[in-house]
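Trainee: just need the structure, nothing else, for what follows:
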Amino acid sequence: MITINASIKRPDPELVRQLGEITPSDYGHKLNFQFITASKMKPLFPIETPFAGPAVTVRIPPNDVLSTCKAMDYVQPGDIVVIDASEEDRYACWGEVTTRIAMEKGAAAAIINGAVTDTIAIRDLGFKVYSHSVSPLTTKFYGIGGDINVPVSISGCVIQPGDVIVGSNDGLLVVPKDEIATYLEIGKEAKELDEQNLQDLKVLGADVFLRRLDPLWDSMLEKDE
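Mentor: Okay, here's the model as predicted:
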């Protein structure tokens, strides 16, 4: 059975833009879940600036790329293509051709829970791609099956079509599309706190800055007695 949801609910582009100004690492000071670390999904080349976009999701068999190509019909500018290939590490389902198609469609990035190929070409094109692995062996057009714009799971994190992916060189954050306002509030607070800490460290110096943690340390020692 093949499932295709041609229309998905995309969030307000302005809210997506604001999410893209806050890195997953900033959120990491406040949240414990919804992260995909760079150890699981590695960027093909250094990501210099954070980005964000709504997810167009694809679930494919390990060695069949047909559904990936069909999904490109539903990509809109600013979208992020998310492919769940079940951590396949032999058959690459993404390469230079799919990258060029995604770029022409206006996609912002691709997240591949599987293998990619043509890495030098993708790097030279400057298109942001994260992948589970790299392989010279590619998928084929078998037409076995696949689903488009359905919930997928990457590294234990469920991604719904239209959820916002926030990315940086350190990894990815998945923001549920119905909780954007909450995440923005958390992210802005975390970013301001991090910027303040860096400023305080610059002004106070390491020794004085560390003394601010002494009350917490003393409290821990008291609890340990």
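Trainee: this protein: helices as residue ranges?
Mentor: Applying DSSP state H to the chain gives helices spanning 13-19, 24-27, 66-71, 96-105, 119-125, 180-204, 206-211, 214-224.
Trainee: how about the fifth one: buried residues?
Mentor: Read that as helix 119-125. Across helix 119-125, burial judged by 16 or more other CB atoms under 10 Å covers 119, 122. In short, each C-beta sits where N, CA and C put it, glycine included.
Trainee: who does it touch, helix- and strand-wise?
Mentor: Using 3 or more CB pairs under 8 Å, 6 or more residues apart in numbering; DSSP states H and E, the elements in contact with helix 119-125 are helix 96-105.
Trainee: give me the contact list for the helix it packs on.
Mentor: 65, 68-69, 72, 75-77, 79, 81, 110, 118, 121-122, 125, 127, 129 (CB atoms under 8 Å, 6 or more residues apart in numbering).
Trainee: same check on stretch 19-37?
Mentor: Stretch 19-37 has contacts (CB under 8 Å, 6+ apart) with 50-53, 111, 154-155, 157, 164, 166-168, 170-176, 180, 183-184, 186-191, 193-194.
Trainee: which among these end up buried?
Mentor: Looking at the contacts of stretch 19-37 with 16+ other CB under 10 Å, the buried ones turn out to be 50-53, 111, 154-155, 157, 164, 166-168, 170-175, 180, 183-184, 186-187, 190-191, 194.
Trainee: what about Ala115, how many residues close to it?
Mentor: 25 (other CB atoms under 10 Å).
Trainee: okay, and the beta partners of it?
Mentor: Beta bridges link Ala115 to Ala92, Ser133, judged by DSSP bridges.
Trainee: what sits against it?
Mentor: Contact partners of Ala115, counting by CB under 8 Å, 6+ apart, are 85, 88-94, 131-135, 137.
Trainee: tell me, how many residues neighbour the closest residue to Ile122 other than its chain neighbours?
Mentor: Take Ile122 and drop its neighbours on the chain: the residue closest to it by CB to CB, 6 or more residues apart in numbering is Thr99, 5.1 Å away. Per other CB under 10 Å, the neighbour tally for Thr99 reads 23.
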